[in-house]
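>>> this one's sequence-less:
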DNA sequence: CCTATTTTACATCATTTGTTGCAAAATACG
DNA sequence: CGTATTTTGCAACAAATGATGTAAAATAGG
């Protein structure tokens, strides 16, 4: 009985992920979301709620994207997988418009919103927990001592490297940090 | 002949440094600057210019503050000084209102403004160059090989650690990264 | 075909916020 | 004491922008 939607929800969400990823929360205007999705403001608000609700849905999509990568690379969970993550992170992208040169949406979000929104903070914490667990499982699988601390350290190093990417606007900026990360992990083995 | 100012310029600037440091550029409103300095908007604009000009002056003050610390700690320039920097960075502050728990104004600024303002970006680059040179001089003084890369790496690690501070809102968040930084530098010696 | 229900498009509203105009106030010099 | 010049405070302005009201449009079921 109702009039059907003219757009695909998940497709629209993915487009909005890119907009927020590239511009952050504040700098993303409703007009930009209109242009990116082809949907009017009213339609967006009708389907996804207000700006914060949209952003939370965007963060959820982003988290699932990352979860997919993690599940793929950390199968089986190994420290080598962590090394691959760091190496891949610092790999140069040919396309200057590549969104990965914007760093990580979660890292950037924390800097922008800080502790302003509890729900956003919660989403970021969940995201961090996901990575922490991946690193922890890898540490356990390779039998290193004190996997808790190792995981925490790797998480910090990852976020630091992503900060560098955002700062310089290029994934190559993380190369020095990635290099030492790989060497450090290597020294943990055996 | 002119009417004299009711406030001290450098004192007002230092107070504004704290406001921007704690809240960032966008979240800092003219009203907050009024409240912090006790000067009206008109007086601030009259003395320092518009918001971007104010911010640039604030960045300059911040840079000089850091330069003072660097000159003190890196005298003489030694890798041990770099180690002390990292250790001090991760030291817990008793006061939860301590502004150092907000991370580094320069790091936070890059995340917020990105490449929006060329002048701001230039100020950040100058700030980074200052630290890079300190690390470089220390590397040269201790005779390590490839001081250029070492300096770049230490700079990246420092910014990564400061990202962690901002993220978690506490200097203790940088402890794991500071620990590995100290160990890594230690391994360079001899 | 008619109707109920949702979507859509357009416009408008309300709020925030950086900026500026204007007149009064204050001081140093002649 | 008078005046020139700057500062100050109040207010209003202008722009950006997220949100919303309203009516037309579209579709599925009766």
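Ah, there it is. All values reported here derive from a predicted model rather than from experimental measurement. Numbers count the residues shown, from 1 in each chain, chains lettered A, B, ... in the order given.

>>> gap between residue A:131 and residue A:138?
Residue A:131 sits 11 Å away from residue A:138, going by C-beta to C-beta, to the nearest Å. Every residue, glycine included, has its C-beta placed from N, CA and C.

>>> how about stretch A:82-100, does it reach chain B?
No. Stretch A:82-100 stays clear of chain B (C-beta under 8 Å from any C-beta of the partner chain), getting no nearer than 10.7 Å.

>>> just checking the distance from that stretch to the centre of its chain.
The chain centroid and the centroid of stretch A:82-100 are separated by 13 Å under C-alpha atoms, centre = their mean, to the nearest Å.

>>> now swap in stretch A:75-86 and tell me
How far stretch A:75-86 lies from its chain's middle: 17 Å, per C-alpha atoms, centre = their mean.

>>> returning to what we had before: overlap in contacts of residue A:131 and residue A:138?
By C-beta atoms under 8 Å, 6 or more residues apart in numbering or on different chains, residue A:131 and residue A:138 have no common neighbours.

>>> more crowded one of those two?
A count of neighbours by other C-beta atoms under 10 Å in any protein chain shown puts residue A:138 above the other of residue A:131 and residue A:138, at 26 against 21.

>>> may I have the phi/psi pair for residue A:18?
Main-chain torsions, residue A:18, degrees, to the nearest 10: phi -60, psi -40.

>>> before we move on, what about the one 10 residues further on?
Dihedral angles of residue A:28 (phi, psi; degrees, to the nearest 10) stand at phi -80, psi 120.

>>> tell me how far it lies from DNA strand D.
Distance from residue A:28 to DNA strand D, counting by C-beta to the nearest atom of the strand, to the nearest Å: 6 Å.

>>> assign the residue in chain A positioned nearest to chain B to helix, strand or coil.
At 1.9 Å from chain B, residue A:160 is the closest residue in chain A, using C-beta to the nearest C-beta. Under the three-state scheme (DSSP: H, G, I helix; E, B strand; the rest coil), residue A:160 adopts helix.

>>> thought it was touching residue B:165?
No. With contact defined as C-beta atoms under 8 Å, residue A:160 does not count as touching residue B:165 (10.7 Å).

>>> may I see the buried residues of the host helix or strand of residue A:123?
Residue A:123 is part of helix A:118-141, with elements assigned from DSSP states H and E. Judged by neighbour count (16 or more other C-beta atoms under 10 Å in any protein chain shown), helix A:118-141 contains these buried residues: A:120-121, A:123-124, A:127-128, A:131-132, A:134-139, A:141.

>>> hmm, that helix touching DNA strand D?
No. Helix A:118-141 lies apart from DNA strand D when judged by C-beta under 7 Å from any atom of the strand; the minimum separation is 13.3 Å.

>>> what does that helix contact?
Under C-beta under 8 Å, 6+ apart, the answer for helix A:118-141 is A:52, A:55-56, A:59-60, A:62-63, A:66-67, A:70, A:74, A:76-79, A:81-82, A:106, A:109-110, A:113, A:115, A:147-148, A:150-152, A:154-155, A:158, A:188.

>>> ok, the residue nearest the centre of chain A - contacts?
For chain A, the residue nearest the mean C-alpha position is residue A:104 (4.4 Å; C-alpha atoms, centre = their mean). Going by C-beta under 8 Å, 6+ apart, residue A:104 touches A:159, A:162, A:165, A:166.

>>> and those, which is closest to residue A:34?
Closest approach to residue A:34 among these (C-beta to C-beta): residue A:166, at 25.9 Å.

>>> run a quick neighbour tally on that closest one.
Counted with other C-beta under 10 Å, residues neighbouring residue A:166 total 23.

>>> got it, and residue A:1?
2.

>>> do you know how far it is from residue B:93?
Using C-beta to C-beta, residue A:1 is found at 61 Å from residue B:93.

>>> again, but for residue A:100
Look at residue A:100 and residue B:93: by C-beta to C-beta, they are 35 Å apart.

>>> equivalent analysis for residue A:62, please.
Counting by C-beta to C-beta - residue A:62 and residue B:93 are separated by 33 Å.

>>> comparing those two, which residue is more hemmed in?
Higher neighbour count among residue A:62 and residue B:93: residue A:62, with 21 against 13, using other C-beta under 10 Å.

>>> what's the closest non-adjacent residue to that one?
residue A:105 (5.1 Å; C-beta to C-beta, 6 or more residues apart in numbering or on different chains).

>>> list the contacts of the one you found.
Counting by C-beta under 8 Å, 6+ apart, residue A:105 touches A:17, A:20, A:21, A:58, A:59, A:62.

>>> ok, and the most crowded of those?
Using other C-beta under 10 Å as the neighbour criterion, residue A:58 leads the contacts of residue A:105 with 26 neighbours.

>>> surely that residue meets residue A:20?
Yes. Using C-beta under 8 Å, residue A:58 is in contact with residue A:20, at 5.1 Å.

>>> spell out which parts of chain A neighbour DNA strand D.
Contact residues (C-beta under 7 Å from any atom of the strand) of chain A with DNA strand D: A:1-4, A:26, A:28-31, A:41-42, A:45, A:50-52.
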